[in-house]
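1. got a predicted structure here, sequence first:
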Amino acid sequence: MKLEDVENRLLEELDECFIDFKINKKERIFESINSLSKREILFKLVNWGGRINLEILLRVDSFDVIDFFKKSTGKGLTPMITNNIFYFVSEGYFKKNKIIIIEEEKDLVKVIDNLKKAYGQILSFFKRFNTIEDFESIFNNYDGDNPYIVGFLHKNAVGLILAHLTKRDNYEDVEFEHDVIMEKYREGKVKDSYKKVREYINKINNE
């Protein structure tokens, strides 16, 4: 099977089921945009030795955070939350298969059927982010194994931004916690962006 054919089938056959999303034809993803955030369902397809490896990813971005990060650093922000569906379904096909192998028609049909069944759980994941406070609770009340933000390099800078935007009473405590973490980082782009965000927020707070 060809990558393009698999991608087209996924988009076409799931369109009717994924009623809360629209197909972004340019990006080849399912997308839902409101005033707070952008939510996406995307399919990462890789041709691996004649077979197709598929990862199903759920992505969420906060417009307020992206704008604030750009104002304070002059840079864009990579997607804040991008995670494999594997982490957020409680049971079934996708809980057993982090990377799905598609070699023939029956494999693709099985993926599509199981995605339709899992749609309710996909929606539950996205409903976790209905307010800016929801984002804040993820970035500032987590342990090292939190799957929502694993691998996201700017999680500490974003944690500061969200504590500021939600007017956390204990902002200084949140800042201290992130400072301790960032002390372990080498000098580089991530640490530099963190420092700029921190300085920008402190400047606003001292005006």
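-> It's in.
2. kindly check the end-to-end length of stretch 146-160 for me.
-> The first residue of stretch 146-160 is 17 Å away from its last residue (CA to CA, to the nearest Å).
3. show me what counts as buried in that stretch.
-> Buried residues in stretch 146-160, counting neighbours by 16 or more other CB atoms under 10 Å, are found at 148-149, 152-160. C-beta coordinates here come from the backbone N, C-alpha and C atoms, glycine included.
4. ok, now stretch 160-177?
-> When burial is assessed from 16+ other CB under 10 Å, stretch 160-177 yields the following buried residues: 160-166, 168, 171, 174-175, 177.
5. over to stretch 129-144?
-> Buried residues in stretch 129-144, defined by neighbour count with 16+ other CB under 10 Å: 129, 132, 134-136, 138-140.
6. now do stretch 182-202
-> By neighbour count with 16+ other CB under 10 Å, stretch 182-202 contains the buried residues 182, 190-191, 193-198, 200-201.
7. could you do stretch 93-100 as well?
-> With burial defined by 16+ other CB under 10 Å, the residues of stretch 93-100 counted as buried are 93-94, 97, 100.
8. for stretch 97-111, same thing?
-> When neighbours are counted by 16+ other CB under 10 Å, the buried residues of stretch 97-111 are found to be 97, 100, 102, 107-108, 111.
9. same question, stretch 72-85
-> For stretch 72-85, by 16+ other CB under 10 Å, it's 72-73, 77, 80-85.
10. re earlier: from the buried residues of stretch 93-100, pick the one nearest Phe125.
-> Of all the buried residues of stretch 93-100, the one with the least separation from Phe125 (CB to CB) is Phe94, at 11.6 Å.
11. just give the closest residue to that closest one, not the sequence neighbours.
-> Ile85 (5.1 Å; CB to CB, 6 or more residues apart in numbering).
12. same check, this time on Ser37
-> Of all residues beyond its chain neighbours, the one nearest Ser37 is Ser62 (5.3 Å), with distances taken as CB to CB, 6+ apart.
13. please tell me how far that neighbour sits from Lys184.
-> In this structure, Ser62 and Lys184 are 26 Å apart, going by CB to CB, to the nearest Å.
14. for Leu11, same thing?
-> Taken as CB to CB, the span from Leu11 to Lys184 is 42 Å.
15. among the buried residues of stretch 93-100, which are in strands?
-> The subset of the buried residues of stretch 93-100 located in strands under the criterion DSSP state E comprises Ile100.
16. which residues touch the residue nearest the centre of the chain?
-> The chain has Ile81 as the residue nearest its centroid, 2.0 Å off, counting by CA atoms, centre = their mean. Applying CB atoms under 8 Å, 6 or more residues apart in numbering, we find Ile81 in contact with 58-61, 129, 138, 148-149, 152.
17. distance of the residue nearest to Ser37 relative to Asp134?
-> 9 Å.
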